[in-house]
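Enquirer: coords please:
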Amino acid sequence: MKIAPLLAQYLYSNGKLALTGIGTFSLENHTAVTLTDNKTSPLLLDGVQFTYNKTQGEDPALIAYISSESGKIKPLASADLDSHLELAKQFLNIGKPFLFEGIGTLSKSSNEFTFTSGHVLPESLKEPSHKEDNKLSKKEVQHNFSDLFYGKKKSDKKAGMYALVFFLCLGGLALAIWGGYAIYNRSNKHNEGKNTQSIKPNSQEAVNKNQSSNTLAGTTTSVPTGSYKFVLEQSDSTRAHKRFARLKTFGWNVVLEKNNPTTYQLFLILPATPSDTARLVDSLRTLNGKQVIIQ
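Expert: Residues are numbered from 1 along each chain as shown. Coordinates of the predicted model:
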């Protein structure tokens, strides 16, 4: 279950939403947001105030609410919220507005925050909670799966459409990752050609070792226009080189770059639009098994 609708629902129910490292949204009259207000047309959310507070801590009540509605344990609910808020901070820090669905848009300019109210999240767009999902009996669940794979002719066309949409989405993600790899390969080969011409013969052994590992020690990789740098991990030398070698065996065109004398960074450079970054972060986090951030 997505985090964004849960944040809006929490604000509607409690009249206050405190987000770690960002600040607090306050709804003056949260009882005005009822289930019948927004069924026919979207309503502008009125009376919302935002107070910036970069030292704002985690709200245990919010974590408990997300855990209850999503069916996840509290540590996982907290991790999902942190990932969502980290993405929001990244957008704000590069001067891009970030939409909190069902609440409004937050922008940052010259260290000042501007909040613009959005529309009340329609009931039709809210995802069913974990509690509502549990209302399905085992018989109903079994029936749904059997209809998908062994259903009657009436449902064959709908099942085929679902399968087509799934494979199109999967193909689109694969194409985006492949495009990023291709762009990075061209850039990396061009840079290696320049470096080889400027290195003396007596340092050739170090060059060969560097090229064989694709490690860019002490350098900063440039990110082409229209692409983003997705950081998979930051760790010490031993851990970073071990993880780098592991990802290479999977065919990932990952880059290992030295940040400082003790820290290394593993990342991918992929082409994406601002609206695609959240989807790519979620996909890479699932494949990588760790939180992924954008730099």
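Enquirer: Next up, the contacts around F100.
Expert: A4, L7, A8, F25, A88, L106, G118 (CB atoms under 8 Å, 6 or more residues apart in numbering). The C-beta positions use only the backbone N, C-alpha and C, and glycine is treated the same way.
Enquirer: So among those, which ones count as buried?
Expert: Neighbour-count burial (16 or more other CB atoms under 10 Å) applied to those gives A4, L7, A8, F25, A88, L106, G118.
Enquirer: Among those, which one sits closest to I63?
Expert: L7 (11.8 Å; CB to CB).
Enquirer: Shouldn't the closest one be within a strand?
Expert: No - counting by DSSP: H, G, I helix; E, B strand; the rest coil, L7 is not part of a strand but helix.
Enquirer: Would you agree it is in contact with I103?
Expert: Yes - L7 lies in contact with I103 (CB atoms under 8 Å); the separation is 6.9 Å.
Enquirer: Return the residues in contact with the closest residue in space to F230 that isn't next to it in sequence.
Expert: Leaving aside its chain neighbours, F230 sits nearest to L268 (4.9 Å; criterion: CB to CB, 6 or more residues apart in numbering). Going by CB under 8 Å, 6+ apart, L268 touches I177, G180, Y184, K229, F230, L232, W252, N253, V254, V255, L284.
Enquirer: same deal with S78?
Expert: In this structure, S78 makes contact with E58, I63, judged by CB under 8 Å, 6+ apart.
Enquirer: that's a helix at it, yeah?
Expert: Yes - counting by three-state DSSP, S78 falls inside a helix.
Enquirer: begin at 34 from here
Expert: Done: numbering now begins at 34, and the last item shifts to S111.
Enquirer: Give me the distance between it and I96.
Expert: Per CB to CB, to the nearest Å, S111 is found 5 Å from I96.
Enquirer: try K49
Expert: 15 Å.
Enquirer: Please work out the average pLDDT along stretch 279-291.
Expert: The pLDDT scores in stretch 279-291 average 87.
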